[in-house]
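Undergrad: please work out how this folds:
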Amino acid sequence: MLRGLAVVNRRTKAAREVVRWRQELVAELGGEAALTPTRATRIETLVRTKLLCEHLDAQLLEYDTLFSRKRGTLRPQVKAILTERNRMAEALERGLAALGQSVAKHAGPLPSIADLVAQARD
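TA: Sure thing, here's the model as predicted:
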């Protein structure tokens, strides 16, 4: 069995924030009991992707400069990290969109204006 977030040091601010973010996602989907195995797996993958993406962001921001002084282009090591970070960010966005679409499918149709007015009168 994989340990997932269990191996992350939860004393760090990034870990605490990503655990809180996971709890918000789960709550938005109706709680742990309402999660299907597919949704639970998708959430775990999204949480790890977000954590890794945030660590890559932090690493990029720690550089004094992202550009080569001689050529004015991105430094090779920065370019590799940035490319991978962008791939992860896009995967995170796609996963969240897919998760949101599954929530929207189960939400049912929106009430009509007449229904809302009738509810307000009651």
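Undergrad: which stretches of the protein have low pLDDT?
TA: Residue ranges of the chain with pLDDT under 70: 1-10, 101-111, 122.
Undergrad: any idea which helix is longest in it?
TA: Identified as the longest helix of the chain according to DSSP state H is helix 76-107.
Undergrad: from the contact counts, what lies against that one?
TA: For helix 76-107, the elements it packs on are helix 37-62, judged by 3 or more Cβ pairs under 8 Å, 6 or more residues apart in numbering; DSSP states H and E. In this view, the C-beta of every residue, glycine as well, is placed from N, C-alpha and C.
Undergrad: pretty sure Gly72 belongs to a helix, no?
TA: No: the assignment for Gly72 by DSSP: H, G, I helix; E, B strand; the rest coil gives coil, which leaves it out of any helix.
Undergrad: count the residues that sit near it.
TA: 7 (other Cβ atoms under 10 Å).
Undergrad: quick one, phi psi at it?
TA: phi 70, psi 20 (degrees, to the nearest 10).
Undergrad: then Phe67?
TA: phi -110, psi 150.
Undergrad: mind listing what it touches?
TA: Thr73, Leu74, Arg75, Val78 (Cβ atoms under 8 Å, 6 or more residues apart in numbering).
Undergrad: test my guess that the third one contacts Arg69.
TA: In this case it means Arg75. No: counting by Cβ atoms under 8 Å, Arg75 stays clear of Arg69, with 9.3 Å between them.
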